[in-house]
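Undergrad: any chance you can model this:
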Amino acid sequence: MSLWRLVGWPLFGATVSTAAVLGYVGFRLYFETQPVRKAPSDLAYLSLQLFVLESGSVPETGAPWQLEVARLLAPATTGVAIAVALAAVFRGEWEELRLRRRKRHVVVCGLGERGARLVGALLEAGYRVVAIERDPTAPAIAEVRRRGALVVVGDARTSQVLCRARVERARYVVALTGTDDVNAELAIRAGELALDRGPALTCLAHVKDPELCALLRSEELAAGHSDYRLDFFNIYEQAARALLRDHPPFGVSEDEPCLLLIGFDRLGQAVVVEAARQWRAHPEARERPLAITVLDPVAAPIGDLLRTRFPQLEHVARLRVMTAEFDPLDCSAVESGPWDAVYVCVDDDSTALEAALQ
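TA: Numbering: from 1, shown residues only. Here you go, the predicted model:
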C-alpha cells in the first residue's frame with residue numbers, strides 16, 4: 001500500500017472536514033453580528049463555497065478567526081486534490097508511453113504471491129518486467145511499481161490487455177494466475193499475437209494439475225509451433241526436483257531407503273512421485289523397494305488419490321500414510337525411523353519451521 005493511501009488520504013479527509021466546520025462556525029459567528037441572519041443550510045452552502053474561492057461576500061477584515069482559517073485551508077485542500085488528480089493522470093500517461101517503448105521484456109500475468117515473487121526476482125536479475133493483474137486493488141501492484149515494473153490492470157485473456165503489455169515484442173510471457181484453464185488460455189493467446197510480429201516468444205503457463213500439465217505438454221509438442229515456444233510447467237514438480245537434487249533422498253546403506261515426508265499437499269505429493277521416479281532408475285530398485293512414510297492431517301484420502309492417479313507407484317515404493325497433526329507434531333511417528341531423509345512440505349512457513357525444529 002502506498003504512503004499516500006496509508007497517510008495522505010486520511011489526513012486530506014480530516015483537513016477537508018476541519019475547513020468545512022471552521023467555515024460554518026465562522027459564518028455563523030459573523031452573521032450573528034449582522035442585521036441579516038442566515039439559515040443553517042445557507043451557512044453550510046457558504047462554507048462549501050470556500051473550496052472554490054468564494055468568500056460569501058464577507059469582508060476580508062473583521063471576520064472571525066475561524067472563518068479566516070477556513071478561507072486559507074479550504075482552497076489549499078482544493079489545490080492538493082487537483083495536484084493529486086493531475087499527478088495520477090500524468091503518471092498513467094507516462095506509464096503508457098513507457099509501455100509503448102518496451103521490448104525484449106518479460107510479461108508476468110498474475111500478481112498473487114508467486115507472481116509478485118517472480119517479478120521481484122526478475123527485476124533483481126536485471127530483466128525489464130511488465131505485470132498484468134486483473135484486480136486493481138491487489139496490494140502487490142504498488143510494490144512492484146515501486147521496484148520498477150510496469151503494471152497493466154485488466155484481464156490478460158483479452159487481446160487488448162495483452163497488446164497493451166506489448167507481448168508481441170516480449171521475450172517471455174509467464175502465466176501465473178490461480179486457475180489452470182486461464183493460464184493455458186492466455187499463454188496460447190499471447191503466442192498467437194506474437195506470430196510473425198517480432199522476435200521468438202516463449203510462453204510459460206503454470207498448471208497445478210500434474211496430469212493436465214503432462215497432457216498439455218504432449219499436445220503442444222504435437223502442434224510444433226515454429227514461431228514461438230509454448231511450455232506448460234508445474235511449480236510443485238520443479239520444486240520437488242530441486243529439493244531432491246539439493247538434498248538427495250537415497251543413502252548408501254544396504255537396507256531399503258526410508259523417507260519421511262511431513263505434509264502431503266501438492267508439494268508433498270510431487271516429492272513422493274519424483275522420489276519414486278528417481279528410485280525406479282536406481283540400480284538397486286528391483287531388489288529393494290523405496291519406503292515412504294507421510295504424516296498429514298488428511299493423509300489417508302490424499303494417499304488413496306495418489307495411488308489411483310499413479311498406479312505404478314506401488315511397484316516402486318511402499319507408501320505408508322499416517323494421520324497426524326502438525327501442532328504439535330506427533331514425534332513418536334518421527335522417531336520410528338531411522339530415515340535416510342526427512343522432508344517438510346507444509347504450506348504455512350511458520351508451521352513448517354516449527355515441525356522441522358521438533
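
Undergrad: hey, where'd the strands end up in the protein?
TA: Ranges of strands in the chain, per DSSP state E, are 106-109, 129-133, 150-153, 172-175, 201-206, 228-233, 258-262, 290-296, 317-323, 341-344.

Undergrad: which one of these has the lowest average pLDDT?
TA: Here the strands of the chain differ in mean pLDDT, and the lowest is strand 228-233 at a mean of 81.

Undergrad: E274 contacts A240, doesn't it?
TA: Yes. E274 is within contact range of A240, at 4.2 Å (criterion: Cβ atoms under 8 Å). For the C-beta atoms, the positions are set from N, CA and C on the backbone; glycine is no exception.

Undergrad: ok, which of the strands of the chain comes nearest A70?
TA: Smallest distance to A70 across those (Cβ to Cβ): 38.1 Å, for strand 150-153.

Undergrad: could I get the CA-only coordinates of that closest one as CSV?
TA: C-alpha atoms of strand 150-153 as CSV (Å, rounded to 0.1, in the frame of the first residue of the first chain):
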residue,chain,number,x,y,z
LEU,A,150,5.2,-1.6,-15.3
VAL,A,151,1.7,-2.8,-14.5
VAL,A,152,-1.3,-3.2,-16.8
VAL,A,153,-4.6,-3.7,-15.0
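
Undergrad: now do the contacts for the nearest residue to A285 once chain neighbours are set aside.
TA: If the residues on either side of it in the chain are set aside, A285 comes closest to W279, at 5.4 Å by Cβ to Cβ, 6 or more residues apart in numbering. The neighbours of W279, taking Cβ atoms under 8 Å, 6 or more residues apart in numbering as the test, are 249-250, 257, 285, 290, 316-317.

Undergrad: how about the contacts made by the residue nearest to the spatial centre of the chain?
TA: The C-alpha lying nearest the average C-alpha coordinate of the chain belongs to G112 (Cα atoms, centre = their mean; 1.5 Å). If you count contacts by Cβ under 8 Å, 6+ apart, G112 has them with 140, 176-178.

Undergrad: and what of E284?
TA: Going by Cβ under 8 Å, 6+ apart, the list of residues near E284 is empty.
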